[in-house]
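*Asks:* any chance you can model this:
(chains A and B)
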Amino acid sequence: MSFRFKVSKLWIARSLTLLVANCAILSRVSIPVAKADTKSSIPASVGIWKTTKAPFIYKQGDLENHVDGEAQAFKQYDFRECAYAEFAQGGKGNQFITVDVFQMGSPLDAFGYYAGQRNAHAKYLKIGAEAYQEKTALNFWKGAYYVRIAITAMNPTPAFQQALPQIAQAVAAKLSGSSATPPMLNMLPPGFSPKTDKYQRSDIAGQVFLKNGVVAKYPSAGSMAELFIIQVASPAACKDAFNKYKTYLSDPKTLAVGSKVAPVPGIGDQAIEVKTKFSGEIVAAVKGKYLIAIRKAKDKNAAAALVKAAVARTK
Amino acid sequence: MADEEHKISRRKVLEVAGGTAVLGGVYGLSFFKNQDFAKPTKIRSATKASLTTPDIVCVEGNPQTYGDITERAINELGGIEMFVKKGDKVVITPNMGWMRTPEQAAATHPDVLRRLVQLCQRAGASRITCIDYTLDDWKMAFEICGANGAVKGTMASLISPDSANMHKDVDIPSAVPKVTTDGKAYDARHHFNQIEQKIPRDIIEADCFIVNPVVKDHEAAVITIAMKKLMGCIWNRKDYHRYGLHDCIAELNMFIKPTLIVTDATRALQTRGPKGPGEVTTPHKVLAGIDPVALDSYCCQFLTVKGVTPDAVNHLVLANSLGRGQIDTSQLNIKEIAGPVGS
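*Replies:* Modelled structure (predicted):
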């Protein structure tokens, strides 16, 4: 009896150790849980709409086969995998509604990719964190997922459009994750055009060294005026990025005829303004580890005021 | 000792002989490989009819006149006979690679493509081939985007060059300058990353090569218009995305120089390019020219939703630095014909 008790204690101890170890591993590796989410988020049927075959999974290595060059852009937002399926009425024929569920690295990445493609003038719906519907598409994001649903048919009947939100709701219900706006977006000062706020991972303003920032359009400084705020690892690295940007802006190929880079006093640690050949008036400032700039502005004073307001919001 | 020396010297002889054989083999292989590189040298050079001929013609129409404004744009450059000669093998590369309808703007409008084909046929082309390496199923893509309908009843054929034996090896770096126009050393991305490339035999053998893109947003390349359109012809696209997309696009455009570019801006795909569906606007314009950098730079203005400017498109900036064309449109002779107009 005592022998059995001893074995049993040992067994319990081993089991507990194994359990703790498994928990530790699972807490670090969240992918397996999310992986199941991606594929299983696509239901086999929604009303009369049935998948023509089982969802196909694309990974980092073969996403190009599915979306061609866009794969490169997805990967910039820490793409993990994509579940793809085609729905047809009764599951037959070649008139489809296609569904792509893209799993990204984080909710910020999912929001970033979604927001970069958002249509400000579309009809917005309460599906997932945010959704909008166009004539032949419905897109939404939720948690670390970006979902694209599209009509791929020659002359779709109204039933195709009606099915878009139904399929979207069914997919969203199966996806887990937060629907809160990523906190980084709060750095943007008020006054931007609705649905133009986005998170950009790289190539902000076409510059490879400007990455990891929030961007939005501010009509008060011009119809195309765009403000960006970049968060850099340290003030020194930020100063370095600022100087690179200044060098680019000072290039004769960039400068508008007769223009030159001029200092703007009273904004952040250092600020400049310049008129460029392609991107209108630009005001740029550095404050600690934040680089803030507005480009494509028409009104220089309004642009400077916006940069000042953005600088004031940095911590 | 003498024996030992003899042995060593024999070994040395063998080593030298072996080394020579290996090097010779490598050299020989590279020599023969170089012999296999093809060049699209038959393609007629792009030329302007006269010094006063515009660099870019932009004609505005309406959905009923897309064919007419295509013809008008080409006429303003001197007419199709400037570019297509009797008996020419003509290759056109339109966008027709996706299962998207014309209104979704992922493909060249069928009316624009059809008129272009008809003009080439009228000029006496002996063969007209429309090429785009489709990602979607080519049969479905050609049907849904309207390309099948566009060439129906004409002599043109549609091809998706989706197997390696439809292509030939090419040496892209051979056409890329080692110094930029502002005097900086430049090492071709194709050379640096040893990217091997193939392009369709049809293009190698063409007398006239016409690029016929639609204006689109591209999530990775920022825009896809005339310069990026060349990627719709090549065999190895993956390495471009892996190693430096913008550099590769610019270099490819140093290697393949079209005779004529006819850009379709009747609709512009503003977001979620290149496939969409995304936001679509309708500038109702067709443009013609021979400088891909200039045309693409000018067409950035049609991508209004994201507000694309040429300086934010790195392949335009680099191609300009490599001397391929003019990014600063204020330096160009541009003829804008407001519409709607017919031919």
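*Asks:* quick one: the helices in chain B?
*Replies:* Counting by DSSP state H, one finds helices in chain B at the ranges B:2-36, B:66-75, B:110-122, B:138-144, B:147-151, B:189-192, B:201-204, B:226-229, B:238-243, B:245-255, B:292-299, B:314-321.
*Asks:* among those, where is the model least confident on average?
*Replies:* Lowest mean pLDDT within those: helix B:2-36, at a mean of 51.
*Asks:* in the stretch 51-200 of chain B, what residue comes closest to chain A?
*Replies:* B:Leu135 (4.7 Å; C-beta to the nearest C-beta). For glycine as for every other residue, the C-beta is placed from the backbone atoms N, C-alpha and C.
*Asks:* I'd say that residue and A:Asp68 touch.
*Replies:* Yes: counting by C-beta atoms under 8 Å, A:Asp68 is a contact partner of B:Leu135 at 4.7 Å.
*Asks:* more crowded one of those two?
*Replies:* Neighbours were counted for B:Leu135 and for A:Asp68 using other C-beta atoms under 10 Å in any protein chain shown; A:Asp68 has more, 25 against 22.
*Asks:* ok, the more buried one - contacts?
*Replies:* Residues counted as contacts of A:Asp68 (C-beta atoms under 8 Å, 6 or more residues apart in numbering or on different chains) are B:97, B:135, B:237, B:274-275.
*Asks:* and the pLDDT for it?
*Replies:* At A:Asp68, pLDDT is 82.
*Asks:* which residues are common contacts for B:Leu135 and A:Asp68?
*Replies:* Listed contacts common to B:Leu135 and A:Asp68 are B:97, B:275; contacts here mean C-beta under 8 Å, 6+ apart.
*Asks:* on that earlier part again, so what's the residue of the stretch 51-200 of chain B closest to chain A up against?
*Replies:* Residues near B:Leu135 by C-beta under 8 Å, 6+ apart: A:65-68, B:97-98, B:275.
*Asks:* same for the helix or strand that A:Leu291 is a member of, what does it pack against?
*Replies:* In this assignment (DSSP states H and E), A:Leu291 forms part of strand A:290-297. In terms of contacts (3 or more C-beta pairs under 8 Å, 6 or more residues apart in numbering or on different chains; DSSP states H and E), strand A:290-297 is packed against strand A:226-231, helix A:235-250, strand A:281-287, helix A:300-313.
*Asks:* quick one: mean pLDDT for that strand?
*Replies:* Mean predicted confidence for strand A:290-297 is 97.
*Asks:* what angle do it and helix A:235-250 make?
*Replies:* 20 degrees (axes from the mean of the first three to the mean of the last three C-alpha atoms, to 10 degrees).
*Asks:* so what are the sheet partners of strand A:290-297 and their directions?
*Replies:* strand A:226-231 (antiparallel), strand A:281-287 (antiparallel) (DSSP bridges).
*Asks:* chain center to that strand, what's the gap?
*Replies:* Chain-centre distance of strand A:290-297: 20 Å, with C-alpha atoms, centre = their mean, to the nearest Å.
*Asks:* contacting residues around that strand?
*Replies:* With contact meaning C-beta under 8 Å, 6+ apart, strand A:290-297 is reached by A:187, A:205, A:210, A:213, A:218, A:221-222, A:224-232, A:238, A:241-242, A:245, A:268, A:276, A:279-286, A:303, A:306-307, A:310-311, A:314, B:307, B:309.
*Asks:* and the residue in the stretch 101-250 of chain A that chain B sits nearest to, what does it touch?
*Replies:* Residue nearest to chain B within the stretch 101-250 of chain A: A:Gly206 (2.9 Å; C-beta to the nearest C-beta). A:Gly206 sits next to B:222, B:309, B:311-314, B:317 when contact means C-beta under 8 Å, 6+ apart.
*Asks:* and these, which is closest to chain A?
*Replies:* B:Ala312 (2.9 Å).
*Asks:* and that closest one, how many neighbours?
*Replies:* Residues lying near B:Ala312 (other C-beta under 10 Å) number 22.
*Asks:* can you list the residues of the stretch 51-200 of chain B near chain A?
*Replies:* Contact residues (C-beta under 8 Å from any C-beta of the partner chain) of the stretch 51-200 of chain B with chain A: B:97, B:99-101, B:104, B:135, B:140, B:143-144.
*Asks:* what about B:Ser330, neighbour count?
*Replies:* So B:Ser330, with other C-beta under 10 Å, has 9 neighbours.
*Asks:* leaving out chain neighbours, which residue sits closest to it?
*Replies:* Of all residues not flanking B:Ser330 in the chain, A:Lys277 sits nearest, at 7.6 Å (C-beta to C-beta, 6 or more residues apart in numbering or on different chains).
*Asks:* isn't the one you found up against B:Val317?
*Replies:* No: using C-beta under 8 Å, A:Lys277 is not in contact with B:Val317; the gap is 11.8 Å.
*Asks:* overlap in contacts, those two.
*Replies:* Joint contacts of A:Lys277 and B:Val317 (C-beta under 8 Å, 6+ apart) are B:Asp311.
*Asks:* okay, now residue 175: neighbour count?
*Replies:* With no chain named, the answer covers chain A. Residues near A:Leu175, counting by other C-beta under 10 Å, number 22.
*Asks:* let's do chain B instead
*Replies:* Neighbours of B:Ala175 (other C-beta under 10 Å): 19.
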